Structure formats: structure tokens, C-alpha cells
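[1] Sharing a sequence plus its predicted fold:
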Amino acid sequence: MAKKKAELPELSRAEYDILRVLWKGGEQTVREAHDQLQQTYGWAYTTTKTMMDRMVAKGLLRRDTFHGVFVYTPLISRPAGLARFIQFFADRVLETDPSAVVAMFAKSQAISQDEIHELEQLLHQQRQEVK
């Protein structure tokens with residue numbers, strides 16, 4: 001299910017929130033995702049659909065048809081999405097090494113040990129590509 005691209009994906013906050021809804025609930029229709037995002041963003045249904053279709057074009061989501069209805073599935077793993085935000089937060093906000101931020105996750109129940117391991121690998125790989 002993880003995207004087979006070497007670099008970490010660029011994600012807006014809204015894209016991350018859409019992915020978060022799909023990571024939590026699995027494949028969903030625009031309506032199902034929209035209903036969960038409505039309170040946070042106040043978007044019209046068409047805005048949610050446009051966002052999700054753009055994410056398909058960016059390679060972040062897959063869109064399939066099931067009984068005439070589009071269903072969307074994430075193409076990147078939760079750790080890959082988190083890695084992008086951790087890298088941004090560590091570099092630009094804390095001005096520290098991303099592994100320090102990952103260590104905070106290791107002490108919480110927010111993500112599994114397998115996800116923490118994948119997150120560490122993604123961040124290490126990204127640092128090697130920058131050098």
C-alpha cells in the first residue's frame with residue numbers, strides 16, 4: 001500500500017487530514033470522508049471531491065469504482081505521511097534532528113512499533129538522499 005517513491009510526499013494539512021480519515025477507516029467514498037471533515041473545514045462536498053481527485057493525480061490516493069460509486073484508498077502509508085510532517089516540524093520549528101521527534105512517538109501509544117520502525121527508516125533514507 002505504500003507509495004514506491006524514494007522521496008517523502010509533499011502534503012498540505014488538508015491532504016494529511018484526508019489521508020488520516022482514510023488510514024483510520026479504510027477505503028471510503030467522498031461522502032464518507034466529507035462527513036468526517038465537515039466540522040473541521042466546513043467545505044462544500046464539491047471541495048472535498050476536488051481535493052481527493054487532486055490527491056489521486058498526485059499519487060496519494062487510488063480511486064476505484066464500486067457499484068457505480070467512487071471509493072478512495074490511500075497509496076502512502078501512515079508512517080510516510082507522518083515522516084513528512086515530522087521532518088518539517090523538526091527542521092523548521094524545532095531546528096533539531098527528526099529522530100528526536102520520533103523518540104516522542106516511541107513513548108506514546110499514538111502509533112505502533114512497526115510504524116515507528118518504518119518512520120525511522122523513511123527519515124533515515126530521506127537524510128541520505130539529501131547528503
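    Ah, there it is.
[2] Going along the chain from the helix-or-strand element of the chain with minimal mean pLDDT, find the next helix or strand for me.
    Sorting the helices and strands of the chain by mean pLDDT, DSSP states H and E puts helix 98-106 at the bottom, at a mean of 66. The helix or strand immediately downstream of helix 98-106 is helix 113-130, counting by DSSP states H and E.
[3] what's the spacing between the helix or strand Trp23 falls within and its chain's center?
    Secondary structure from DSSP H and E places Trp23 in helix 13-25. Here helix 13-25 is found 6 Å from its chain centre; the criterion is CA atoms, centre = their mean, to the nearest Å.
[4] outside of that helix, which residues touch it?
    Here helix 13-25 makes contact (CB atoms under 8 Å, 6 or more residues apart in numbering) with 11, 28, 32-33, 36-37, 40-41, 48, 51-52, 55, 60-61, 72-74, 76, 78, 81, 84-85. Quick note: C-beta positions are derived from backbone N, CA and C, even for glycine.
[5] Now do the contacts for the residue sitting nearest the centre point of the chain.
    Central residue of the chain (CA atoms, centre = their mean): Gly81, 3.5 Å from the mean position. Gly81 makes contact with Pro9, Leu11, Tyr16, Leu19, Arg20, Trp23, according to CB under 8 Å, 6+ apart.
[6] Format those residues as a markdown table; extra columns: neighbour count and pLDDT.
    A markdown table is the format used below for the contacts of Gly81 (neighbours: other CB atoms under 10 Å; pLDDT from 0 to 100):
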| residue | neighbour count | pLDDT |
| --- | --- | --- |
| Pro9 | 19 | 67 |
| Leu11 | 21 | 80 |
| Tyr16 | 17 | 89 |
| Leu19 | 25 | 94 |
| Arg20 | 16 | 92 |
| Trp23 | 16 | 93 |
